[in-house]
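Participant: please find the sequence and the predicted model below.
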Amino acid sequence: MSEKTVVVALGHKALGTTLPEQKQATKAAAKAIADLVEEGTQVVISHSNGPQVGMIHTAMNEFGKAHPDYTFAPMSVCSAMSQGYIGYDLQNAIRAELISRGIYKPVATILTQVVIDPYDEAFGEPEKIIGRVLTSEEAEAEEDKGNFVTEVAEGEYRRILAAPKPQKIIEIETIRTLADAGQVVIAAGGGGIPVMEQGIDLHGASAIIEKDFASELLAEELNADTLLILTSVEKVSLNKDTDKEAYLDTVSTEDARKYIDENQFAAGSMLPKIEAAVTFAEKGDGHRTIITDIAHAKDGYREKTGTIIK
């Protein structure tokens, strides 16, 4: 692919939480994407799905409780649903923004499956909280089914899922073909639908893939030159929320690894972004990762702001 290919990873701040919030938030995201298109880049987009997949999971399982004749929706199906409805709002917002600028470029959402390792050590230590609050009786029933739960408050429980590392993107050739044809592509939403390979079959897994790791794999497989991670801060900082807080501009992968070893970044928040950034930067000559917020996407791409790891 072109050396100007950029994979943009949109965090949940860029998508909102409720349906009306998402409708508005995707308009702001669309402006940032259109700015990058005007920069002459080929854009492939991944995105978070945390609040959305939680809402879907809760709704589908409440429906299952009320209607016993229907089966409960597995996590992989909820993930697929979230890709569809986030992609629907996002691609329409991007299409409208591009047309308003006189740019006639197709936008497509690809339902994306991502292979995980069933023996990933993450399955031994699940950490991603999902779904509604459960009573102790419901929690016990979940554990009887082999699921993990955690107590979030006295007498209140929620399910927790593993976050295994992504191994392979099933639809990568479809994504590459559309991108090579000049389309803006939305793919690997929410880290992708987690699946396990069994012979020629793919089976959905009860897991959540970290969006930043899936975005890195997507950028790597597409031979992109830039991984642009859009989050809630303009720059990454050390000693966050202390009087010694210091913002990072351009950082080498060696220094980034040192900061990781010093536990400078919060697990489940900035840490996976830095880990993904380092992995991508180390995978090829000229690779760079830029971490900034959506308001500074274009300036971040131009290295006028943000934290650049290369």
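Facilitator: Nice, thanks for sending it over. Residues are numbered from 1 along each chain as shown.

Participant: CA only for contacts and neighbour counts going forward, please
Facilitator: Will do.

Participant: which strands or helices does the helix or strand where residue 129 lies pack on?
Facilitator: In this structure, residue 129 is located in strand 128-134 according to DSSP states H and E. Counting by 3 or more CA pairs under 8 Å, 6 or more residues apart in numbering; DSSP states H and E, the packing neighbours recorded for strand 128-134 are helix 50-66, strand 156-161.

Participant: in its sheet, what does that strand sit against?
Facilitator: strand 156-161 (antiparallel) (DSSP bridges).

Participant: now the strand it pairs with: buried residues?
Facilitator: 157-161 (16 or more other CA atoms under 10 Å).

Participant: what average pLDDT does the strand holding residue 129 get?
Facilitator: Mean pLDDT, strand 128-134: 81.

Participant: quick check: end-to-end length of stretch 242-250?
Facilitator: 21 Å (CA to CA, to the nearest Å).

Participant: for it, the distance to its chain's centre please.
Facilitator: 25 Å (CA atoms, centre = their mean, to the nearest Å).

Participant: could you do stretch 295-310 as well?
Facilitator: With CA atoms, centre = their mean as the basis, the distance from the averaged C-alpha position of stretch 295-310 to the chain average is 19 Å.

Participant: got the buried residues for it?
Facilitator: If you call a residue buried by 16+ other CA under 10 Å, then stretch 295-310 has these buried ones: 295-298, 300-301, 305-310.

Participant: show me what it is in contact with.
Facilitator: Residues outside stretch 295-310 that contact it (CA atoms under 8 Å, 6 or more residues apart in numbering) are 32, 35-36, 228, 230, 234-236, 248-253, 256, 277-278, 281-282, 286-293.

Participant: show me the contacts for the residue nearest in space to the middle of the chain.
Facilitator: Per CA atoms, centre = their mean, the C-alpha nearest to the average position across the chain is that of residue 211, at 2.6 Å. Taking CA under 8 Å, 6+ apart, we find residue 211 in contact with 9, 46-48, 188-192.

Participant: now do it against residue 55, distance only.
Facilitator: 18 Å.

Participant: try residue 69
Facilitator: Per CA to CA, residue 69 is found 22 Å from residue 55.

Participant: so which of those two has more stuff around it?
Facilitator: Higher neighbour count among residue 69 and residue 55: residue 55, with 18 against 8, using other CA atoms under 10 Å.

Participant: for the more buried one, which non-adjacent residue is spatially closest?
Facilitator: residue 131 (7.1 Å; CA to CA, 6 or more residues apart in numbering).

Participant: which SS class is the residue lying farthest from the centre of the chain?
Facilitator: Distance to the chain centre peaks in the chain at residue 69, reaching 33.5 Å (criterion: CA atoms, centre = their mean). Classification of residue 69 by DSSP: H, G, I helix; E, B strand; the rest coil places it in coil.

Participant: which phi and psi does it have?
Facilitator: With angles defined as degrees, to the nearest 10, residue 69 sits at phi -70, psi -20.

Participant: need the contact list for it.
Facilitator: Residue 69 touches nothing, counting by CA under 8 Å, 6+ apart.

Participant: confidence score at it?
Facilitator: Confidence for residue 69, expressed as pLDDT, is 81.

Participant: and residue 214, what does it touch?
Facilitator: Contacts of residue 214 by CA under 8 Å, 6+ apart are 165-166, 188, 191-192.
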